[in-house]
Every structure is written in structure tokens, then in C-alpha cells.
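1. can you look at this prediction? I've put the sequence above it.
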Amino acid sequence: MQIFSTITNLTNTYDNIVIALGTFDGVHRGHQSIIQQAIHLAKSIGGVCVVFTFSNHPLTILSPANAPLKISDNRCKQADMAALGVDILLNVPFTKKMSALAPLEFLQLLKDNFAPKYVVVGPNYSFGRKGEGTPKMLLQKSGTYGFIAEIHPVVQVNHHLISSTKIRNLLLGGQLEAANTMLGKPYRISGTVIPGDQRGRLLGFPTANLAIREHRAMLPNGVYAVRAAIDGTTYRAVANIGTNPTFNGLNRHVEVHLLDFSQDLYEKTIFVEFVKKIRDEKKFSGKDALIAQIQADIVAAAAIVDLQ
């Protein structure tokens, strides 16, 4: 998959472009359905599927105080798009200049840079200045700008509409399994392993430490059974979200202990998929009690996590 971080003219390189538009935060099952339809259409005309999305939520520019917490960081979003089979990803910053484009100017931008044969969006998609562009307008103006518009229907799970807002609330409320059902995959974070206080190593359970980025929809504190992927290899692991209350606390962060792994992870990029919560975070009476609990957590995670 090719990735561009700026709007790039593809008209001289590709003839039959099908483009999917959206913010796609979390790349949940509704988003996946939109993108899969774009991929299907691209294959049907011997073309390529392009996803045009933003690396930041538009509200971070339009109304920062109202910007939602992010479900997915950009590394995870890119990995999800590649796994779906997207050919080209434009993951570009949303800027004040972009926000000032009138809806028809945005459609002209699409025509000039991509000349798409199809444009696929969800039913709640909006575009152009103040979100004045609607799916109805897209259908009405599609012929003028040389494409066929497809408004993909909403996707439901157990009679509930899937939305990024619902998934954020589920994650913040600790309802991991319900969030994963709507996502259609485990909730995932990525990060570069940072130095910790070495306490896990001294206890006999070395951990990879990840900072919790601001404006992230993060699960509540606790211990989770997870998968951890490094350099393309996935391992069973156990993760703690919290502040290490047994040792007087630290800034809130994520610690990941990989089972059957002993290499140095500093400055490596790690992807962590949260499968199931094992227990709440708690303060222990001392080191021995903590070690006994960590050993039990490892046994629990090994039984829960499937690497298939």
C-alpha cells in the first residue's frame, strides 16, 4: 500500500480510481464495509482503491474543545487499511485552508487530483466548509464532476448502529468486548517503547513501557490479556494500564510483558491488541504478593490469547 501525507495528484498515474472518503477513526466495521465496497468497485473496473482521510480529526481545527478522543492512532489506521487491501492511502492533515473549501471546491479538488470513477461514503459523511456538503449533494453533483456516488448503508451489530462515538464511550466505560465487537477486531494501540524504572525487570518480569498519548480513548486502569506485535511477529502478552500503586505511583502509562520473549525492546515500535480484561489495578502489600499476582496474570493471559 502506498501512503501519502499530502494531497497528491494521481491522475497521470492511475486511470480507474475508486475513492472512499471519511475520517475513519478506529476503522470499525462500518468503515470496513465502506472501504471493502470501494475495493470491490475498483476490482470490477480494473482500477485502484484510494482512501482519502485525515491524520487529525477536523474538530481539532474547527473546535478544539469539542474534538473527540481518538480511537486509533495513525500507525494503527495505516495497518488496518493495508490489511483490508487498500491500494493507496492519503492520510493528510486537516488544516484551516482545507476547512475553508466550499463543498463544490472540494469536489473540484477530487476531480483535479484523482478523477475518480466512483466515490464511496457513509450516510453521515459531510464535506466542505462548515460541513455543508451532504451525501444528497454528492449524489446530485456527481455527474458534473465525472464520478458515480455510492452512499453506503449503516452497519448494525445486535440491532445497534455502529459509530465511533459509541465505541469511544464503550472503551472509556471499560466495555472492551462490546467495543471489540463493534470494531470487528481487538482495540489496538501502538507506540515506541520508552525507558521505564526497570522495576518489572528487577521483579523478573521485564516490560515494554508505552506512554498514553493525550486525547486518546483509553481503557480504564487494569490488567489485560493482549497480543503484542513487534517487527511482524505476534506474541501473547499481559498489559497493565495504570500508575503502579504498589510503588507509590507514576504517570499513567501502559506496561506490556511479552510471554516467551527476552530481547531488548527499547525504541522498538510495538502494536498492542487488547483481548480481555483480567482484573482491576490494585495496590499490593509488598513485592512478593505482587510477584504472585503477576504470575497468575501471565497464566490467565496465556489461556485467553489465541495467536491463530
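-> Here it is on my side, so go on. Since we're looking at a predicted model, the values are computed, not measured. Residues are numbered from 1 along each chain as shown.

2. can you give me the strands for the stretch 201-308 of the chain?
-> 208-211, 222-230, 233-242, 253-258, 269-279 (DSSP state E, counting those that start in this stretch).

3. can you put the ones you listed in CSV and add distance to Val48?
-> In this view, the C-beta of every residue, glycine as well, is placed from N, C-alpha and C. Shown next, in CSV, are the strands of the stretch 201-308 of the chain (distance: least, Cβ to Cβ, whole Å):
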stretch, distance to Val48
strand 208-211, 34
strand 222-230, 27
strand 233-242, 29
strand 253-258, 36
strand 269-279, 26
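
4. with mean pLDDT and distance to Phe147 added, can I get those in CSV?
-> Listed next are the strands of the stretch 201-308 of the chain as CSV, based on pLDDT from 0 to 100; distance: least, Cβ to Cβ, whole Å:
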stretch, mean pLDDT, distance to Phe147
strand 208-211, 88, 41
strand 222-230, 96, 37
strand 233-242, 94, 39
strand 253-258, 92, 43
strand 269-279, 96, 35
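
5. dump these to JSON lines, plus distance to Phe24 and mean neighbour count.
-> Formatted as JSON lines, the strands of the stretch 201-308 of the chain follow (distance: least, Cβ to Cβ, whole Å; neighbours: other Cβ atoms under 10 Å):
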{"stretch": "strand 208-211", "distance to Phe24": "23", "mean neighbour count": "20"}
{"stretch": "strand 222-230", "distance to Phe24": "21", "mean neighbour count": "22"}
{"stretch": "strand 233-242", "distance to Phe24": "24", "mean neighbour count": "21"}
{"stretch": "strand 253-258", "distance to Phe24": "24", "mean neighbour count": "22"}
{"stretch": "strand 269-279", "distance to Phe24": "18", "mean neighbour count": "19"}
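
6. between these, which one is closest to Pro186.
-> strand 269-279 (3.8 Å; Cβ to Cβ).

7. which neighbours does the closest one have in its sheet, and in what orientation?
-> strand 187-192 (antiparallel), strand 222-230 (antiparallel) (DSSP bridges).

8. which one of the ones you listed lies nearest to Val155?
-> Per Cβ to Cβ, nearest to Val155 of the strands paired with strand 269-279: strand 187-192, 17.7 Å.

9. what does that closest one contact?
-> 71-73, 75-76, 79, 171, 176, 179-180, 210-211, 213, 216, 218-219, 254, 267-274 (Cβ atoms under 8 Å, 6 or more residues apart in numbering).

10. do that again at 6 Å, thanks
-> 73, 75-76, 179-180, 210, 269, 271-274 (Cβ atoms under 6 Å, 6 or more residues apart in numbering).

11. so which pair among the residues you listed is furthest apart in space?
-> Farthest pair in these, by Cβ to Cβ: Ala179 and Thr269, 23.3 Å.

12. wait, is Thr53 part of a strand?
-> Yes - assessed with DSSP: H, G, I helix; E, B strand; the rest coil, Thr53 lies in a strand.

13. spit out the contact partners of it.
-> Contact analysis of Thr53 by Cβ under 6 Å, 6+ apart lists 24, 91.

14. one more: Met182?
-> Counting by Cβ under 6 Å, 6+ apart, the residues that Met182 touches are 28, 157, 162, 167.

15. mind running it again at 8 Å?
-> Residues in contact with Met182, defined by Cβ under 8 Å, 6+ apart, are 28-29, 157, 160, 162, 166-167, 170.

16. kindly report the same for Ile304.
-> 225, 275-276, 278.

17. please name the nearest non-neighbouring residue to it.
-> Computed as Cβ to Cβ, 6 or more residues apart in numbering, the closest residue to Ile304 that is not its neighbour in sequence is Ala225, at 4.0 Å.

18. cheers, nothing more for now.
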